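Undergrad: pasting the sequence and the predicted coordinates here, then a few questions.
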Amino acid sequence: MRVELFTVLTLLTPILLAASAPRQEATPKPLPAAHAHNDYRHPRPLLDALDHGFCSVEADIFLVDGQLLVGHDREELRPERTLQRLYLDPLRHRVQANGGRVYENGPTVTLLIDIKEDGEATWAVLNRVLASYRSMLARVENGEYHPGAVQVVISGDRPKEAIAAESIRYAGIDGRLSDLDSTLPAHLLPLISDRWTSHFRWSGEGEFPAEERGKLQSIVEQAHAAGRRVRFWATPEKPAVWRELSAAGVDHINTDRLAELEAFLRESR
């Protein structure tokens, strides 16, 4: 009887230990083209995007009493919702846990920071904050670009001259379609972003007009030739539009619908 009981316990022990062990969540394969627009409005800012494999997230910030608070409007701001707490600290934790990358062996992740107002004053504080996270950030020093786990790009009220003047720079500038002919180096102007509806009439219904398809392809080709990436905001949240953006080589596909875009991109592989 004792032998039988010992045998049963021996067989059950691995099962009981496995059941009581902390659950390990599978890490999704990164999706370089996925961009979380207004990411901070999701229930778990940044973390929801990373759980879906997104490699680009957007955070809007205001400077309030020396703190960088995250929100789309001042009415949304809360003292505890700082850029550090919602984005920079969790990203650094992930980088430290994953051998120097946000996703283990994954690509550089873009943190698009949209300064909503007071660009000069906000940048002065933001620049000091970014320097304290230098170990994970892409940087430019003495005109040379040094890759990092996270690349910061400044959008919105962009103090271009102040950013460009930094001797050690931890951020690039988000351009517009009017910057396609810019001679600025790609490490200073790494991204071209613009409003879809300001340049295209197609809303995802019916066929994509050939003229507009050609225009989109030309924009992407010109940006890529200069070493820059492309993003559009206010794009219709439709698979037909995502399909055309992907086919044209648009680097960051903008969405508020994380699960839907993830499913589309994974099924399209």
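TA: Thanks, I have the structure now. Numbering: from 1, shown residues only.

Undergrad: Gly106 - how many residues pack around it?
TA: Using other C-beta atoms under 10 Å as the criterion, Gly106 is surrounded by 18 other residues. Yep, even glycine has a C-beta here, placed from its N, CA and C like the rest.

Undergrad: now it: how far from Leu258?
TA: Distance from Gly106 to Leu258, counting by C-beta to C-beta, to the nearest Å: 17 Å.

Undergrad: low pLDDT regions in this structure?
TA: Segments of the chain classed as low confidence (criterion: pLDDT under 70) are 1-26.

Undergrad: now do the phi/psi pair for Leu68.
TA: phi -90, psi 100 (degrees, to the nearest 10).

Undergrad: around it, how many other residues sit close by?
TA: By the measure other C-beta under 10 Å, the count of residues near Leu68 is 23.

Undergrad: partners of it in the sheet?
TA: Leu63 (DSSP bridges).

Undergrad: what's the answer for Ala34, then?
TA: Going by DSSP bridges, Ala34 is paired in beta bridges with Ile253.

Undergrad: list the contacts for it?
TA: 49, 52-56, 252-253, 255, 258, 261-262, 265 (C-beta atoms under 8 Å, 6 or more residues apart in numbering).

Undergrad: which ones among the residues you listed lie within helices?
TA: Per DSSP state H, helices hold the following members of the contacts of Ala34: 49, 258, 261-262, 265.

Undergrad: make TSV out of those residues and add neighbour count and distance to Gln151.
TA: Supplementary listing: the ones in helices among the contacts of Ala34 in TSV, determined by neighbours: other C-beta atoms under 10 Å; distance: C-beta to C-beta, whole Å:
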residue	neighbour count	distance to Gln151
Ala49	23	15
Leu258	19	20
Leu261	24	20
Glu262	19	21
Leu265	20	20
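
Undergrad: between those, which is nearest Ala225?
TA: When these are compared for distance to Ala225 (C-beta to C-beta), Leu265 wins out at 24.8 Å.

Undergrad: and the closest residue to that closest one other than its chain neighbours, how far is that from Gly148?
TA: Among residues not flanking Leu265 along the chain, Leu31 sits closest, at 5.0 Å (C-beta to C-beta, 6 or more residues apart in numbering). Relative to Gly148, Leu31 is positioned 19 Å away (criterion: C-beta to C-beta).

Undergrad: the more surrounded of these two?
TA: Using other C-beta under 10 Å, the more surrounded residue of Leu31 and Gly148 is Leu31, with 23 against 20.

Undergrad: mind listing what the more buried one touches?
TA: Leu31 makes contacts with 52-55, 262, 265-266, as judged by C-beta under 8 Å, 6+ apart.

Undergrad: filter those down to the buried ones, PyMOL style.
TA: This is the PyMOL syntax for the buried subset of those, where burial follows 16 or more other C-beta atoms under 10 Å:
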select buried, resi 52+53+54+55+262+265
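
Undergrad: report the beta-bridge partners for the closest residue to Asp251 other than its chain neighbours.
TA: For Asp251, the nearest residue in space outside its immediate sequence neighbours is Arg229; the separation is 3.8 Å by C-beta to C-beta, 6+ apart. Arg229 has these beta-bridge partners by DSSP bridges: Leu191.

Undergrad: who's in contact with Arg229?
TA: Residues counted as contacts of Arg229 (C-beta under 8 Å, 6+ apart) are 190-192, 223, 251-252.

Undergrad: between the residues you listed, which sits nearest Arg41?
TA: When these are ranked by distance to Arg41 (C-beta to C-beta), His252 comes first, at 17.6 Å.

Undergrad: how far away is that closest one from His35?
TA: If you measure His252 against His35 using C-beta to C-beta, the figure is 4 Å.

Undergrad: joint contacts of the two?
TA: Taking C-beta under 8 Å, 6+ apart as the contact definition, His252 and His35 share the neighbouring residues 56, 110, 231.
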